[in-house]
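K.L.:
This is the structure alone, sequence omitted:
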């Protein structure tokens, strides 16, 4: 089975396969490549609806060039933790970032989230994020502010009084609660519109349906988040002194 980077001709074959609606496994079989290689290639370069062979090839060349600049000759990056394959980790991070972007997360915010999620400590300082992502401090500051507003990261001070940005088991719970709060504002505003537009009118009925739908969904999300937090993340109480 061939290894190494995909060639431009292989990317053209991938583009044709995607356009024909072929499964990634079938495209991989025709190119004698692992299915994971084709999946990563498509997802990191626009996804199945926007994949273009020439754009993907140029994007890969740019990424390779950036890595070469970030690792000048004479310096050697530390070995990956736990014996991980550094190239496989980078490819996975790009795929994860693309998936978050397709779900509606802006690119820089998605990159920061993935960087934090794939760090064993689950937390990084702004300076560490700048170094890892090779972007400006202003870009990190803007991304973190957005993620904090969505409840997707939290901030804490370390022993050196530096801000650290953290993702842990509680982050997604907080994000769900923040989403429910945002829905509550939409619900209240929609209900105000019913009175203004006149009960019984088509526009008011539409707003009332929006309010009822979001109210039902938000209540369900909040209840499910509370149950999941209790079941999955609540630690068992230690036995009392008299317990066996």
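P.N.:
Here it is on my side, so go on. All figures in this text were calculated on a predicted structure; none of them were measured in a lab. Residues are numbered from 1 along each chain as shown.

K.L.:
Buried residues in stretch 135-148, which are they?
P.N.:
Across stretch 135-148, burial judged by 16 or more other Cβ atoms under 10 Å covers 140, 143-144, 146-147. C-betas here are computed from N, CA, C, even on glycine.

K.L.:
State the next helix or strand along the chain beyond the host helix or strand of residue 55.
P.N.:
Using DSSP states H and E, residue 55 sits in helix 53-70. Counting by DSSP H and E, the next helix or strand C-terminal to helix 53-70 is helix 86-102.

K.L.:
Between the buried residues of stretch 135-148, which sits nearest residue 99?
P.N.:
Checking the buried residues of stretch 135-148 against residue 99 by Cβ to Cβ gives residue 147 as the nearest, at 16.3 Å.

K.L.:
per-residue confidence at residue 65?
P.N.:
Residue 65 carries a pLDDT score of 66 in this model.

K.L.:
nope, residue 123 is what I meant
P.N.:
At residue 123, the model reports a pLDDT of 90.

K.L.:
With the one 10 residues further on instead?
P.N.:
According to the prediction, residue 133 has pLDDT 89.

K.L.:
same thing with residue 77?
P.N.:
49.

K.L.:
ok, now the one 5 residues further on?
P.N.:
The model reports residue 82 with a pLDDT of 75.

K.L.:
does the nearest residue to it once chain neighbours are set aside count as helix, strand or coil?
P.N.:
Counting by Cβ to Cβ, 6 or more residues apart in numbering, residue 82 lies nearest to residue 120, which is 8.0 Å off, once chain neighbours are set aside. At residue 120 the chain is in coil, as set by DSSP: H, G, I helix; E, B strand; the rest coil.

K.L.:
measure residue 120 to residue 158 for me?
P.N.:
Using Cβ to Cβ, to the nearest Å, one gets 16 Å for the distance from residue 120 to residue 158.

K.L.:
The two: which is more packed in?
P.N.:
Applying other Cβ atoms under 10 Å to residue 120 and residue 158 shows that residue 158 carries more neighbours, namely 10 against 7.

K.L.:
Just confirm that one contacts residue 164, I think it does.
P.N.:
Yes. With contact defined as Cβ atoms under 8 Å, residue 158 counts as touching residue 164 (5.2 Å).

K.L.:
got any residues that touch both of these two?
P.N.:
Common neighbours of residue 158 and residue 164 (criterion: Cβ atoms under 8 Å, 6 or more residues apart in numbering): residue 125.

K.L.:
Now do the domain split for this structure, please.
P.N.:
According to automatic domain parsing, the chain comprises the domains 7-68, 84-168, 171-233.

K.L.:
Please, where are all the helices along this protein?
P.N.:
Remark: helices assigned in the chain by DSSP state H are 8-19, 24-31, 35-43, 53-70, 86-102, 107-117, 126-133, 137-149, 171-197, 202-228.

K.L.:
Worst mean pLDDT among those helices?
P.N.:
Lowest mean pLDDT of the helices of the chain: helix 53-70, a mean of 73.
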